[in-house]
Every structure is written in C-alpha cells, then in structure tokens.
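Chemist: Take a look and give me a structure for this.
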Amino acid sequence: MYKTLFPHGSKLTELVHHIFDTSGKKLSIDKLLQGSMKDVWSKALDNEFGRLSNGIPNELLGTKTIGFILKKDIPFGRKITYANMVCDFKPLKDEKYRVRLTIGGDKLEYIYDTAAPAANLLEPKLLLNSVISDCKEGARFMTIDILNFFLQSILNEREYMKIHSRYFSKKFKNYTN
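Modeler: Here you go, the predicted structure:
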C-alpha cells in the first residue's frame, strides 16, 4: 500500500484515503481537529462544506448540492442519516489536505441503480493501442476526470443528514448567515 509521511514535522501517515497515526490507528476528523494541525483540517472542512453548499465568497464556488437547516425544521417521520468525513492528504494537488463529506447510505432508501461500473483492463488497452498505431496520422488521446460524479443525483424527495455544529467553524457560520 502507498504510504507517505506528512510535511510540517507531523507524525501522521497517509494510507489509501484515510489518515493514520504512527501506530496505524485511523484518525477521525474529531482527532484531527484537536491535533497540532487543527487549523489546516478546519480549513479543509470549511472548503468541503463550501464546495457542497453555496461556496465561500472570493475563495471557491459551491455546487448547491446541500443546504443547511436546523434539526427542528426536519419534517416529522423522515429518516435522518449520518455524515461520514473522509480525510486525505494529496501531495500533488493545490489543496493538499482534503475532507470529503459522504452520506451514510445504509440508512437511506434509493430506488435507482447505485452502481458506477468501471472499464476493465481490455478497454484502455484497445484505446491506447489504436492511438499509438495511428499516431503517424495525428491521432491524440485524452483522459478526463468526472468531477463531482455522485453529487446531485436523482432523488425522489429530500434526504436529511445530521452534522454536529462543532464541525462548522465560526468563519464558515458567518458565510452562511
């Protein structure tokens, strides 16, 4: 598995989309927000909330995928799921410290197909070989990354997720007011 040390003299390691301490224990967002790099992780969390909501003025655009309401405003009888925050370090990205907010899907009912099938190895081989064999004629190959692939999917009705207020920084709360 891929393993790298964090910069800034921290004793954390990164291992496949999760942050672990030196003893190999996975760290939660709660632990990271209490550690020596709490400002970095708080900013990463603000960025994720901003990206999913209306954005952060003069910093990043939002997708308006989620909106924030108080618990008392949830309709009676609706299922409420939980938020799962995945923390990661991406050394080659501009925003190196990332938090991804995922919804606890095992609590929700969804009638559409949730699969995201990927290509098998034969397909890229055929594509690349056809480009290589035609490169004398000017053939070129391009790949793209589908950003926000799972966001804004078709839902029958609104779904509700609880996120404790401690995860919202004072700065981010000011953006949403």
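
Chemist: and after the helix ranked longest in the chain, which helix or strand comes next?
Modeler: As assigned by DSSP state H, the longest helix anywhere in the chain is helix 38-52. Next helix or strand after helix 38-52 toward the C-terminus (DSSP states H and E): strand 55-56.

Chemist: what's that following strand packed up against?
Modeler: Contact partners of strand 55-56 among helices and strands, from 3 or more CB pairs under 8 Å, 6 or more residues apart in numbering; DSSP states H and E: helix 38-52. Bear in mind the C-beta positions are built from the backbone N, C-alpha and C, glycine included.

Chemist: Just the CA trace of the helix it packs on, in CSV.
Modeler: Coordinates of the C-alpha atoms in helix 38-52 are reproduced here as CSV (Å, rounded to 0.1, in the frame of the first residue of the first chain):
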residue,chain,number,x,y,z
LYS,A,38,-6.3,21.7,13.6
ASP,A,39,-6.3,25.0,11.6
VAL,A,40,-5.3,23.1,8.4
TRP,A,41,-8.1,20.5,8.9
SER,A,42,-10.7,23.1,9.9
LYS,A,43,-9.9,25.0,6.7
ALA,A,44,-10.2,21.7,4.7
LEU,A,45,-13.6,21.0,6.4
ASP,A,46,-14.8,24.6,5.6
ASN,A,47,-13.8,24.1,2.0
GLU,A,48,-15.8,20.9,1.7
PHE,A,49,-18.9,22.5,3.2
GLY,A,50,-18.4,25.5,1.0
ARG,A,51,-18.0,23.3,-2.1
LEU,A,52,-21.2,21.4,-1.4
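
Chemist: residues in contact with that helix?
Modeler: 29, 32-33, 35, 56, 59-63, 65-66, 85, 87, 95, 97-101, 151, 167-169, 171-172, 175 (CB atoms under 8 Å, 6 or more residues apart in numbering).

Chemist: Tell me where the model's unsure across the chain.
Modeler: Under the criterion of pLDDT under 70, the regions of the chain flagged as low confidence span 1-18, 105, 114, 116, 147-157, 176-177.

Chemist: No more questions from me, cheers.
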